[in-house]
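# take a look and give me a structure for this.
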Amino acid sequence: PAEIAETPSSQPSQLSQEHADEPVVAIRRYLPAVPQKKRNPRYPVSASRQGKEGWVVLNYMVDPEGNTYEIEATAYAGDGSFVNAAKRAAERYQYEPAHVDGKPIHSGAATRITFRLSEGQVGARPAFIRRYRAFSSQVENGATTEQLDEAFSALVEIGVSYLYEDAYLALARSAYANHLEDHVSAYRNLAHALRYQDDLKVFKTNQFKDLQRQLFWGQVKTASLAEALETWNVMETDAHKIENFESFQKTITYIKGMQARGEDFSATGTVYDHYRYSRKLLASAFSFTDVDGDLAESKLYCDQGFLGFAIEPNVRYNIRDDYQNCTLVVIGDPDTTFTVTEHW
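Numbers count the residues shown, from 1 in each chain. As a prediction, this is how the structure comes out:
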């Protein structure tokens, strides 16, 4: 439910008068679909017998009757049988449909299903540990790209059986991406690894804090400034213990100064193999340029509403002032690259 409209003179906006006729993203208030019946999927027998764990992210549509359709697994870890089990479960989901102006509508929804053994496997297989340590040793010793490729391929080849292993594989992917100077992939994989900390306590306290610091610098390096501020808010509780605290403080001061000055900034985006790219927005407007590939659509999730719209390169999309905390999700062909610029 959305419309692209010109900015009325009475519309609250941060645009200067010279930009008053540019397209504006108008987010209509709506009530999102609410799950009424979401039974857990059956744990695949073969995966259970082999002690395998994993997760699946599903995206799907909900029709005006509350039924799901167009169910797609956009990402997963672990055995492929988890995907089939998750999809079968989602086919039986029931929702109270989304509403606009009191009328039920079609809407998008997503869910993440975790397949975890009841005894809570914490740890990794000996073979996984050996290959992870071999890869880490290559990284620490400054191995050549060829040597690192071989060690990384061996680790990926063994696959993931437990959630604990998935966390460390994501950590390895981050280190490998850093070696290739793919900083966006590096910080995304590091963020993925750290999400396991609350449930599994994968990392020791000091290691976790060190990884948080790495995540912060990765977010700054890739101009993911809203995420960097969120990471800093978590780190700040132990700010007095942070090594090189002055560097962090100086960077935070600079980011907040950019906000005060209304200074635009850009980042390179890539649509990965699950057809999505996302970023939390810091500024009040954005645009897409240098698109190499196909971007199908974009979705904007804000505290006050949701918007889906077709992407037009070189068009500035402006978000109303009264809509806050927005996350931009871009959908397109895998490996499509682009530049997203945030404007004030």
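# give me the element the closest residue in space to L282 that isn't next to it in sequence is part of.
Spatial nearest neighbour of L282, chain neighbours left out: A226 (4.0 Å); criterion: CB to CB, 6 or more residues apart in numbering. Every C-beta, even on glycine, is put in place using the N, C-alpha and C of the backbone. Element membership for A226 (DSSP states H and E) is helix 225-235.
# name the helices or strands packed onto that helix?
For helix 225-235, the packing partners by 3 or more CB pairs under 8 Å, 6 or more residues apart in numbering; DSSP states H and E come out as helix 205-221, helix 245-261, strand 276-280.
# tell me the buried residues in the next helix or strand after the second one?
Okay, so that is helix 245-261. As assigned by DSSP H and E, the chain's next helix or strand after helix 245-261 is strand 265-270. Under the neighbour-count criterion of 16 or more other CB atoms under 10 Å, strand 265-270 has A267, G269, T270 buried.
# distance of E297 from M61?
13 Å (CB to CB, to the nearest Å).
# neighbour count winner among these two?
M61 (15 against 12; other CB atoms under 10 Å).
# separation between that one and Y93?
11 Å.
# list the residues that contact both of the two?
T68 (CB atoms under 8 Å, 6 or more residues apart in numbering).
# what is the burial count for S137?
11.
# what's the helix or strand harbouring it packed up against?
Using DSSP H and E, S137 sits within helix 126-140. Judged by 3+ CB pairs under 8 Å, 6+ apart, the packing partners of helix 126-140 are helix 145-158, helix 163-179.
# most tightly packed of those helices?
helix 163-179 (a mean of 22; mean count of other CB atoms under 10 Å).
# just the C-alphas of that one, formatted as PDB.
Output of helix 163-179 as PDB, limited to C-alpha atoms (Å, rounded to 0.1, in the frame of the first residue of the first chain):
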ATOM      1  CA  LEU A 163      24.300 -23.500  14.900                       C
ATOM      2  CA  TYR A 164      27.500 -23.100  16.800                       C
ATOM      3  CA  GLU A 165      29.400 -24.100  13.600                       C
ATOM      4  CA  ASP A 166      27.300 -21.600  11.600                       C
ATOM      5  CA  ALA A 167      28.500 -18.800  13.900                       C
ATOM      6  CA  TYR A 168      32.100 -19.600  13.300                       C
ATOM      7  CA  LEU A 169      31.700 -20.200   9.600                       C
ATOM      8  CA  ALA A 170      30.200 -16.700   9.400                       C
ATOM      9  CA  LEU A 171      33.300 -15.400  11.300                       C
ATOM     10  CA  ALA A 172      35.500 -17.200   8.800                       C
ATOM     11  CA  ARG A 173      33.500 -15.700   5.900                       C
ATOM     12  CA  SER A 174      34.000 -12.300   7.400                       C
ATOM     13  CA  ALA A 175      37.800 -12.800   7.700                       C
ATOM     14  CA  TYR A 176      38.000 -14.100   4.100                       C
ATOM     15  CA  ALA A 177      36.000 -11.100   2.800                       C
ATOM     16  CA  ASN A 178      38.300  -8.700   4.600                       C
ATOM     17  CA  HIS A 179      41.200 -10.400   2.900                       C
END
